[in-house]
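Q: show me the folded form of this:
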Amino acid sequence: MASNEITILYDFATSHSPILSGVDNLAITPSGEVLVAEDNGDMQIIVLSPDNQVIPLLQIVGHDRSEITGPAFDPNYQRLYFSSQRGSGARSETGITYEVSLN
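A: Next up, the predicted model:
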């Protein structure tokens with residue numbers, strides 16, 4: 001039965017692992033894990049597991065003026081796609097899209 005209740009999965013102020021500071025985009029795995037991409041912060045994608053663990057999945061370095069955008073899976077959930085909105089370098093104006101194979 002559906003519920004109208006909202007549950008907080010992560011709160012930076014009360015988390016035992018406050019590593020995710022700029023929550024922006026989400027993607028959900030078939031097993032119920034929530035992938036959270038940071039808007040600024042440490043340029044990470046974090047996994048929030050169904051048992052409330054906060055697990056760093058990946059981090060982009062050298063993209064200080066960017067943000068991670070658009071995490072999404074292919075239809076078979078074998079590849080994760082995401083982008084660095086502005087790429088790397090102080091004057092970068094071009095984003096970069098990544099593909100990560102999960103098998």
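
Q: grab the most central residue of the chain for me.
A: Residue closest to the average C-alpha location in the chain (C-alpha atoms, centre = their mean): Ala37, at 2.3 Å.

Q: wait, that one touches Ile68, no?
A: Yes. At 4.0 Å, Ala37 counts as touching Ile68 under the criterion of C-beta atoms under 8 Å. Just so you know, the C-beta spots here come from the backbone N, C-alpha and C atoms, and that holds for glycine as well.

Q: list residues touching both of the two?
A: Counting by C-beta atoms under 8 Å, 6 or more residues apart in numbering, the shared contacts of Ala37 and Ile68 are 24-25, 44-45, 82.

Q: so where do the strands sit in this protein?
A: In the chain, the strands defined using DSSP state E lie at 23-28, 34-38, 44-48, 54-59, 68-73, 79-84, 96-101.

Q: quick check: buried residues in the helix or strand of the chain with the lowest mean pLDDT?
A: None of the helices or strands of the chain scores lower by mean pLDDT, DSSP states H and E than strand 23-28, at a mean of 86. Using 16 or more other C-beta atoms under 10 Å as the test for burial, strand 23-28 gives 23-25, 27.

Q: and of these, the nearest to Gly62?
A: Asp24 (19.1 Å; C-beta to C-beta).

Q: any idea how far the closest one is from Gln44?
A: 11 Å (C-beta to C-beta, to the nearest Å).

Q: now do the shared contacts for the two.
A: Common contacts of Asp24 and Gln44 (C-beta under 8 Å, 6+ apart): 37-38, 68.

Q: quick one, which of these has the minimum pLDDT?
A: Within the shared contacts of Asp24 and Gln44, Glu38 has the lowest pLDDT, namely 79.

Q: which residues pair with it across the strands?
A: Following DSSP bridges, Glu38 is listed with bridge partners Val23.

Q: enumerate every residue touching it.
A: Taking C-beta under 8 Å, 6+ apart, we find Glu38 in contact with 20-24, 44-46, 67-68.

Q: can you select the buried ones among those for me in PyMOL?
A: Of the contacts of Glu38, the buried ones go into a single PyMOL selection, burial set by 16+ other C-beta under 10 Å:
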select buried, resi 20+22+23+24+44+45+46+67+68
